[in-house]
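Visitor: Okay, here's the prediction I keep looking at, along with the sequence it came from:
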Amino acid sequence: FKKGDLFAIVVNSGLISDASGAKEESEKQYRWLQSAFKKAKKSGCKSIVVFQHHPFFLENPDEKDQYFNIKTPIRKEYLQLYKENGVSHIFAGHLHKNSFGKDGEMEMVTTGPVGRPLGKDPSGFRIVTVKDGSIEHKYYGLDDIKIVVNPPKK
């Protein structure tokens with residue numbers, strides 16, 4: 001989808017992480033992703049971001065394979081595709097805690113859960129702000145959020 005200067009792409013990272021049971025669907029998604037990148041470039045957007053469940057890596061694109069990241073050969077292929085197409089940020093979950101890393105200028109941002117956190121950060125959510133082609137993001141713990149039930153009338 002496109003909103004202002006942002007072009008956002010949502011992928012089924014289950015088809016990236018382990019395509020063994022759905023090779024055809026995985027290949028179909030890859031072709032669709034290539035066409036989505038072409039569409040993004042033609043759109044005149046200033047920022048391209050991808051949302052997916054599984055992070056490619058937690059802190060470093062060269063880290064060892066584990067349950068929470070995508071295996072190295074697939075990771076390298078997709079990271080190269082994303083970089084070649086100007087993706088600035090990849091937003092993911094799956095880890096149940098916050099994590100951050102970079103591959104060159106591309107940011108891999110993994111956000112903890114609203115449910116059961118596995119790290120030091122409390123349950124919460126991330127707000128992403130897009131303005132004039134730049135992207136900022138901040139994680140908020142649920143206990144840090146002030147809810148105004150009856151805002152004062154102006």
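Guide: Cool, got the structure. Numbering: from 1, shown residues only.

Visitor: mind listing the strands for the chain?
Guide: Here the chain has its strands, by DSSP state E, at 2-3, 6-10, 47-51, 87-92, 99-103, 106-110, 124-131, 134-141.

Visitor: ok, the fourth one: who's next to it in the sheet?
Guide: Yep, that's strand 87-92 we're talking about. When sheet partners are counted by DSSP bridges, strand 87-92 sits next to strand 47-51 (parallel), strand 106-110 (parallel).

Visitor: out of those, nearest to residue 132?
Guide: Closest of the strands paired with strand 87-92 to residue 132 is strand 47-51, at 9.7 Å (criterion: Cβ to Cβ). Every C-beta, even on glycine, is put in place using the N, C-alpha and C of the backbone.

Visitor: List the buried residues for that closest one?
Guide: Within strand 47-51, the residues that count as buried by 16 or more other Cβ atoms under 10 Å are 47, 48, 49, 50.

Visitor: next one: stretch 6-20
Guide: Burial within stretch 6-20, assessed by neighbour count using 16+ other Cβ under 10 Å, is assigned to 6, 7, 8, 9, 11, 13, 14, 15, 16, 17, 19.

Visitor: As CSV, could you dump the C-alpha coordinates of it?
Guide: Taking C-alpha atoms only, stretch 6-20 is exported to CSV below (Å, rounded to 0.1, in the frame of the first residue of the first chain):
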residue,chain,number,x,y,z
LEU,A,6,5.6,5.7,2.0
PHE,A,7,5.3,2.5,0.1
ALA,A,8,4.7,-0.4,2.4
ILE,A,9,4.8,-4.1,1.5
VAL,A,10,3.5,-6.9,3.7
VAL,A,11,4.8,-10.4,3.1
ASN,A,12,4.1,-13.8,4.5
SER,A,13,7.5,-14.6,6.0
GLY,A,14,6.3,-18.1,6.8
LEU,A,15,6.8,-18.7,3.1
ILE,A,16,10.3,-17.3,3.4
SER,A,17,11.3,-18.9,6.6
ASP,A,18,10.3,-22.4,5.6
ALA,A,19,8.8,-23.0,2.2
SER,A,20,9.2,-26.8,2.3
